[in-house]
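Peer 1: One predicted model, sequence on top.
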Amino acid sequence: MTDVSHPSRETETPSYERARDELAAIVEALEGGGQTLEQALTLWERGEVLAQVCQSWLDNARERLET
């Protein structure tokens, strides 16, 4: 399971699979609760970034299939 207590701050774009897995771990952590408000906000913000990364991968894959 991805360590969501210290979200990754990679400078490189993660693979789709890595972003998806980290996003799933963040969702699980947020659903489980137990974080401070600040920790929850940090996780949420990281989740937003990862969701955008996943969407970008999917958009690019769709584009490749349509050409």
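Peer 2: Noted; the coordinates are in hand. Numbering: from 1, shown residues only.
Peer 1: So which bits of the longest helix seen in the chain are buried?
Peer 2: Criterion DSSP state H: the longest helix present in the chain is helix 37-66. The neighbour-count check on helix 37-66 (16 or more other C-beta atoms under 10 Å) flags 42-43, 46-47, 49-50, 53-54, 57 as buried. (Each C-beta comes from the backbone N, C-alpha and C, glycine too.)
Peer 1: elements contacting that helix?
Peer 2: For helix 37-66, the elements it packs on are helix 16-32, judged by 3 or more C-beta pairs under 8 Å, 6 or more residues apart in numbering; DSSP states H and E.
Peer 1: Using neighbour counts, pick out the buried residues of the helix it packs on.
Peer 2: Across helix 16-32, burial judged by 16+ other C-beta under 10 Å covers 16, 18-20, 22-23, 25-27, 29-30.
Peer 1: How far away from the center of its chain is it?
Peer 2: Relative to its chain's centre, helix 16-32 lies at 6 Å (C-alpha atoms, centre = their mean, to the nearest Å).
Peer 1: how many degrees apart are that helix and helix 37-66 in direction?
Peer 2: For helix 16-32 against helix 37-66, the angle between stretch directions is 150 degrees (axes from the mean of the first three to the mean of the last three C-alpha atoms, to 10 degrees).
Peer 1: tell me the mean pLDDT over helix 16-32?
Peer 2: In this model, helix 16-32 carries a mean pLDDT of 98.
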